[in-house]
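Chemist: below are the sequence and a predicted model for it; my questions follow.
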Amino acid sequence: MKTYNFLLILSLTLPSCTQTSISDKEIMQKVWKCGKPCGLGDLLIFEKTNYMIIRNDTILRLGNPLAKIVKRNFNRWTEDTKIHLINIQDKAYKDTCVYHAK
């Protein structure tokens with residue numbers, strides 16, 4: 001019976017421990033600090049005023065495409081939540097940039 005209880009508890013907690021992605025809603029609730037720049041600024045702040053929103057992995061500022069989210073990382077153990085973006089507003093930037101949740 002003890003083994004069964006252990007397996008039940010493990011099966012219920014394991015999915016939350018291995019979560020590796022972050023939702024649009026979670027992204028919009030955080031402030032993002034630039035770790036590797038690509039011309040998008042030092043901070044990304046999603047406000048409740050629809051100034052910046054996410055639609056289909058595209059970040060829009062005042063309705064204009066700003067960046068494309070290409071990777072989302074959430075690590076419960078290190079608490080290093082980050083998003084990788086491509087600047088689609090300025091084609092001069094070819095590199096992917098990284099923003100960390102603060």
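Modeler: Yep, it's here.
Chemist: tell me the helix or strand right after the strand ranked longest in the chain.
Modeler: The longest strand of the chain (DSSP state E) is strand 64-73. Per DSSP states H and E, the first helix or strand lying C-terminal to strand 64-73 is strand 82-87.
Chemist: with just CA atoms, put that following strand into CSV.
Modeler: C-alpha atoms of strand 82-87 as CSV (Å, rounded to 0.1, in the frame of the first residue of the first chain):
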residue,chain,number,x,y,z
LYS,A,82,13.3,33.0,-20.5
ILE,A,83,11.9,33.6,-23.9
HIS,A,84,13.9,33.6,-27.2
LEU,A,85,12.8,36.2,-29.7
ILE,A,86,13.5,37.2,-33.3
ASN,A,87,13.1,40.9,-34.1
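Chemist: who does it touch, helix- and strand-wise?
Modeler: Contact here means 3 or more CB pairs under 8 Å, 6 or more residues apart in numbering; DSSP states H and E; on that basis strand 82-87 packs against strand 64-73, strand 96-101. For glycine as for every other residue, the C-beta is placed from the backbone atoms N, C-alpha and C.
Chemist: could I get the contacting residues of the residue most central in space within the chain?
Modeler: The geometric centre of the chain, computed from its C-alpha atoms, lies nearest to I83 (CA atoms, centre = their mean), at 4.0 Å. I83 sits next to 22, 27, 32, 69, 71-73, 98-99 when contact means CB atoms under 8 Å, 6 or more residues apart in numbering.
Chemist: what's the answer for K36, then?
Modeler: So K36 contacts 95-98 (CB under 8 Å, 6+ apart).
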